[in-house]
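Trainee: Just need the structure, nothing else, for what follows:
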Amino acid sequence: MDESRRERFEEIAPGLMEPVRRFLARRTDPETAEDVLAETLLVCWRRVEEVPDLPLPWVYAVARNCLHNAERAARRQDRVAARLMAQPDDPGPPDDQALHEALAALRPEEAELVRLWAWEQLTPAEIAVVLGISPNAASTRLTRAKKKLSDLLRKSAARAGHEESREGRRS
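Mentor: Residues are numbered from 1 along each chain as shown. Here you go, the predicted structure:
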């Protein structure tokens, strides 16, 4: 590692952390603010040669861009939930924790299929290219993964007391 890069970063970082933390705290929730602060410092480290002599305004711009990226990621996650719940027998949208738990319960390759479809908005044919499988295999595996995830989300909703009423229904 170049010693001058490290020295420059160690020179500027301590004076930036609290102002940027406050900047972010006024714009988002505490957990997101900490994540974005870490991402901002990583960008500063990677681009330390570009940091001007008066770094704070430049770093605010970096933090602002990192926050926009985090917000876009959150919106993508919301779209994932909405798309997954647009399945038959929809119990309603899952909370973020339930979605994370359900995705984590999938096999890694199933979760990747769902993410490529929902977050990246790829078609099964495009997913096939990414994964190096046939379009038919991608379509079949995606259908199974979405069904499995939907079932996991339904079970999670039922455990949380959100199961729909069966009153007046025949089995």
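Trainee: okay, now the domains of the protein?
Mentor: Here the domain assignment for the chain is 3-75, 85-159, based on automatic domain parsing.
Trainee: how about TSV for those, with mean pLDDT added?
Mentor: Shown next, in TSV, are the domains of the chain (pLDDT from 0 to 100):
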stretch	mean pLDDT
domain 3-75	93
domain 85-159	82
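Trainee: Turn those into TSV, including mean neighbour count.
Mentor: Placement of C-beta: from N, CA and C, glycine included. As requested, the domains of the chain are exported to TSV (neighbours: other CB atoms under 10 Å):
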stretch	mean neighbour count
domain 3-75	15
domain 85-159	16
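Trainee: what does stretch 102-109 rub up against?
Mentor: With CB atoms under 8 Å, 6 or more residues apart in numbering as the test, stretch 102-109 has contacts from P94, A111, V114, R115, R141, A145, K148, L149, L152, L153, S156.
Trainee: And the third one, how close does it get to E120?
Mentor: Distance of V114 to E120, given as CB to CB, to the nearest Å: 10 Å.
Trainee: L103 and S150, how far apart?
Mentor: 12 Å.
Trainee: now swap in S156 and tell me
Mentor: Applying CB to CB, the value for S156 to S150 is 11 Å.
Trainee: all helices for the chain, in order.
Mentor: Using DSSP state H, the helices of the chain run over residues 3-25, 30-46, 55-84, 96-105, 108-118, 124-131, 135-159.
Trainee: Let me know the angle separating the fifth one from helix 55-84.
Mentor: With axes from the mean of the first three to the mean of the last three CA atoms, to 10 degrees as the criterion, the two stretches helix 108-118 and helix 55-84 enclose an angle of 100 degrees.
Trainee: And the second one, by the same measure?
Mentor: When the same axes, to 10 degrees is applied, the directions of helix 30-46 and helix 55-84 differ by 130 degrees.
Trainee: isn't I12 right up against V51?
Mentor: Yes - I12 is within contact range of V51, at 6.1 Å (criterion: CB atoms under 8 Å).
Trainee: Mutual contacts of those two, please.
Mentor: C44.
Trainee: And the residue nearest the centre of the chain, how close does it get to L103?
Mentor: The centre of the chain sits closest to A73, judged by CA atoms, centre = their mean, with a distance of 4.7 Å. Distance, A73 to L103, using CB to CB: 14 Å.
Trainee: intersection of neighbour lists for those two?
Mentor: Counting by CB under 8 Å, 6+ apart, A73 and L103 have no common neighbour.
Trainee: related to what we said a few turns ago, and the residue nearest to the centre of the chain, how close does it get to A157?
Mentor: Using CB to CB, we find A73 at a distance of 24 Å from A157.
Trainee: One more: A137?
Mentor: Separation of A137 from A157 (CB to CB): 30 Å.
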